[in-house]
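I would like to see how this sequence folds:
(2 chains)
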Amino acid sequence: MPQPLDFATLQPVIVLSVWTCVLLLLDVFLIKRKSITAVLTAFGLALTLGLTFMQVGASNDGFSGMVVQDGFSTFINALQLVGGLLGVAVAHAYIKRTGSERGEYYTLLLFSVIGMMLMAQSNDLIMVFIALELLSIPLYVLAAFTRNTESEEAGIKYFLLGAFSTGFVVYGIALVYGATASTNLHEIVAFASSSSPSLLLTIGAALILVGFAFKVAVVPFHMWTPDVYQGAPTAVTAFMSSGAKVAGFAALLRVFSVAFPNISMDMAPVLAAISALTMIVGNIVAVSQTNIKRMLAYSSIAHAGYILMAFVPYGDAQVSADAIASGLFYLVAYMLTNFGAWAVVIALETKSGSGLELSDYSGLAKKYPAIAAAMTIFMLSLIGFPPTLGMVGKFYLFRAALQGGYTTLALIGVITSLVSAFYYLRVIVNMYMREGDPTPARDLWLDLTWSITAIATVVVSLAPQFLFVLASTAVMLK
Amino acid sequence: MTIDLLLFLTLALVAVATALGMVTSKNTVYSALFLVLNFATVAVFYILLGAPFIAMSQITVYAGAIMVLFLFVIMLLGTERLNSANILPWQRPLAIILAVILTVEAGYLLIFKSNPTAMVNAPDASINTIGSLQSLGMALFTDYLLPFEATSILLLVAMVGAIILSKQDKNEKGGAK
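Below is the predicted model:
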């Protein structure tokens, strides 16, 4: 039977789940006052964030080894909760403006955050699977939330390919269970270290990798990303491009470094190839995009490639700790920058859904210098230009790749970053050097989102050691 | 033993026949009903193999719940009769090629790789009792309690999502829908 300690390991998740269910009921009575739902959602997320901070330093497993609570999960959970808060902030005015304001938007977002948190804490492949579904299903619905043709198309595409990728994960889990007679990550590694290497385990791990590769959108499993990111309501895109990616990488990292260190020799070349391909394809295809949503979609694909670089040497005990810390650091940098950039995109999108072409950014700097300055910071950070978080993050990533002995990979990273400068700078050129008449929507929450993320992107980069030390303490319970 | 064998052979014939009937039937309602019968026969296979719980879930979940949903959708959409124009042109040759590959593969395994003298271990008799159900329940509510509860949230989310996507919005009333 579960003991009180079991519940303590999952306390933030349980509190947030109860809060979400209450909010689901409460929302029915808040007709015409959906702003209250938004505030209550933000309160629930902030409360959970507080509870998560109280857990810093705890390291336990609970519910018969189904979940763990360690530095790694606390770090990811805090990041996801901040992402949820930003997701509420950018959505509030946007869904009112597009005429799709319904309270369920917030409850679905909360359910998705719960799934993401469970994903970071899962210590059993069955839990990984359920958490994956719990985070994905609300996102499928949110993608189709505004219910115009593009949004519905995005929803159905995301759903079909998501279901397909889940099939890969489940098949992989079944094969791993067949090879090791367990779904618990610790028992899998115990079995794998005491027996001869089995092809079945490698195939199972590879299939799990394919499933997660769909979720984090790396080449060649990225086809859905531009269409879904473009068609989905922009506020949803902002949330899912950061949250789902962080959750996917968290699960990938935990499953591979806890359960499959023995087959890292087989996996590392595959990971390196995927990472290189993703950086090249994502950045080169982004160059030809004229729609800002599609451009950012390809940019998010490219960044998944950079992050994956940190995971390539996961089996090398000497460098893996540093590499994982670099990956976590970059996830933080990516989440802040990405949310900020999407917040600016949301501000410039008009009610009818136009204002999303790169040419619509012309002349922004003259009329609204603050927004233009913030967007400049985000673009520079995405390139990896000092003094921004993106530059520091890329520095750590390339260092991790070099330490792991993947010089070619680091080289590809540097070259593709140079390529990426072309399309990111184009936005800046449009804003500062072209004439135009953009009219961004102003809203307190949205303004706060892009200004806070812009300030954080610069300020944290001036003293990055602090965040890196924090990421280094986020170790996994093995 | 012979009764078991007779039972198996009869059911196997029924299973293959219903599967063929499902694929070849031009009327989708008939196809669905063939599939129900196929699920039921497979459920009896599970009982023969000593897995009564799986047999029961097969009947309640697949032959019951899911097939009722299938029939509902077929009848709601009014697609009882298949439109022959919708058949993809490359489907038939592709299906033939794949079927040939599968047959050759299965034949190769049966003829060259099978080991006719090997013993097949019958499942432990203790599995085939009500006690196995009891231990299944115990496992579900102790070791697997958390996945069980998380699944309940998952189902709630799916329900909420389905309602949101199908509910008509107030703003859209009087529109084309």
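
where exactly do the helices run in chain B?
Ranges of helices within chain B are B:2-24, B:28-48, B:52-57, B:67-77, B:91-108, B:130-141, B:145-166, based on DSSP state H.

With A:Arg399 as the reference, name the closest of those.
Closest approach to A:Arg399 among the helices of chain B is made by helix B:145-166 (38.0 Å; CB to CB). Heads up, the C-betas are built off the backbone N, CA and C, glycines and all.

what's that closest one in contact with?
A:2, A:10, A:17, A:21, A:24, A:63-64, A:66-67, A:102, A:104, A:107-108, A:111, A:114, A:118, A:124, A:126-127, A:130-131, A:133-134, A:137-138, A:140-141, A:144-145, A:147, A:155, B:140-141 (CB atoms under 8 Å, 6 or more residues apart in numbering or on different chains).

Narrow those to just the buried residues.
A:10, A:17, A:24, A:63-64, A:66-67, A:102, A:104, A:107-108, A:111, A:114, A:118, A:124, A:126-127, A:130-131, A:133-134, A:137-138, A:140-141, A:144-145, A:147, A:155 (16 or more other CB atoms under 10 Å in any protein chain shown).

Looking at those residues, which are in strands?
Under the assignment DSSP state E, the buried ones among the contacts of helix B:145-166 contribute A:Val67 to strands.

Among the buried ones among the contacts of helix B:145-166, name the ones in helices.
The helices, defined by DSSP H, take in A:17, A:24, A:104, A:107-108, A:111, A:114, A:118, A:126-127, A:130-131, A:133-134, A:137-138, A:140-141, A:155 from the buried ones among the contacts of helix B:145-166.

Of the residues you listed, which fall within the contact range of chain B?
A:17, A:24, A:104, A:107-108, A:111, A:114, A:118, A:126-127, A:130-131, A:133-134, A:137-138, A:140-141, A:155 (CB under 8 Å from any CB of the partner chain).

what's the first-to-last distance across stretch A:225-244?
Distance between the boundary residues of stretch A:225-244 (CA to CA, to the nearest Å) amounts to 12 Å.

For A:Val67, which non-adjacent residue is spatially closest?
Nearest residue to A:Val67, sequence neighbours excluded (CB to CB, 6 or more residues apart in numbering or on different chains): A:Gln121, at 4.5 Å.

and A:Ile130, what does it touch?
Counting by CB under 8 Å, 6+ apart, A:Ile130 touches A:118, B:147, B:150-151, B:154.

Check A:Ala323 too.
Counted by CB under 8 Å, 6+ apart, A:Ala323 has contacts A:310-314, A:316, A:400, A:403-404.

between the residues you listed, which is closest to A:Ala347?
A:Ala310 (32.0 Å).

Any idea how many residues pack against the closest one?
Using other CB atoms under 10 Å in any protein chain shown, the number of residues around A:Ala310 comes to 30.

repeat for A:Ser472
Using other CB under 10 Å, A:Ser472 has 16 other residues around it.

tell me which element the closest residue in space to it that isn't next to it in sequence is part of?
Nearest residue to A:Ser472 in three dimensions, chain neighbours excluded: A:Ala325, at 4.2 Å (CB to CB, 6+ apart). A:Ala325 belongs to helix A:317-348 when assigned by DSSP states H and E.

Quick one: distance of that helix to the chain centre.
For helix A:317-348, the separation from the chain centroid amounts to 8 Å (computed by CA atoms, centre = their mean, to the nearest Å).

so what pLDDT did the closest residue in space to A:Gly390 that isn't next to it in sequence get?
In space, and not counting its chain neighbours, A:Gly390 is closest to A:Ser381: 3.5 Å by CB to CB, 6+ apart. Here the pLDDT value assigned to A:Ser381 is 94.

How about A:Ala8?
Looking at A:Ala8, the pLDDT reads 87.

what does the stretch 51-200 of chain A have sitting close to chain B?
Going by CB under 8 Å from any CB, the residues of the stretch 51-200 of chain A near chain B are A:63-64, A:66-67, A:99-100, A:102, A:104, A:107-108, A:111, A:114, A:118, A:124, A:126-127, A:130-131, A:133-134, A:137-138, A:140-141, A:144-145, A:147, A:155.

If we use 7 Å, what do you get?
A:63-64, A:66-67, A:99, A:102, A:104, A:107-108, A:111, A:118, A:126-127, A:130, A:133-134, A:137-138, A:141, A:144 (CB under 7 Å from any CB of the partner chain).

Not counting sequence-adjacent ones, nearest residue to residue 35?
Since no chain was named, I'll use chain A. A:Ser35's closest residue in space is A:His92 (CB to CB, 6+ apart), at 7.1 Å.

Let me rephrase: I mean chain B.
Per CB to CB, 6+ apart, closest to B:Leu35 is B:Met22, 5.0 Å.

So which bits of chain B are right by chain A?
So chain B meets chain A at B:142-143, B:145-147, B:150-151, B:153-154, B:157-158, B:160-161, B:164-165, B:171 (CB under 7 Å from any CB).

Give me the three-state assignment for A:Leu81.
The three-state assignment at A:Leu81 reads helix, by DSSP: H, G, I helix; E, B strand; the rest coil.

I'd say it and A:Thr52 touch.
Yes: at 6.4 Å, A:Leu81 counts as touching A:Thr52 under the criterion of CB atoms under 7 Å.

Let's see the pLDDT reported for B:Leu82.
60.

whoops, I mixed them up, B:Gly175
On pLDDT, B:Gly175 comes in at 38.

With B:Lys170 instead?
57.

swap in B:Pro123?
57.

Distance of B:Phe70 relative to B:Ser31?
For B:Phe70, the distance to B:Ser31 equals 9 Å [CB to CB, to the nearest Å].

contacts for stretch A:81-94?
Under the criterion CB atoms under 7 Å, 6 or more residues apart in numbering or on different chains, residues A:38, A:41-42, A:45-46, A:48-49, A:52, A:105-106, A:109, A:113, A:233-235, A:238-239, A:242-243, A:246, A:335, A:339, A:342-343, A:346, A:441, A:443, A:445-446, A:448-449 lie in contact with stretch A:81-94.

For it, buried residues please.
In stretch A:81-94, counting by 16+ other CB under 10 Å, buried: A:81-94.

same check, this time on stretch A:213-224
A:213-219, A:221-222, A:224.

do stretch A:172-188 as well
So for stretch A:172-188, counting by 16+ other CB under 10 Å, buried means A:172-173, A:175-177, A:179-180, A:182-186, A:188.

so where's chain B shaky on pLDDT?
Residues of chain B meeting the criterion pLDDT under 70: B:1, B:79-87, B:114-131, B:168-177.

So it: which segments form each domain?
Here the domain parsing of chain B from automatic domain parsing is B:1-111, B:132-177.

A:Glu435 is nearest to which of these?
Among the domains of chain B, domain B:132-177 sits nearest to A:Glu435 (CB to CB), with 36.8 Å.
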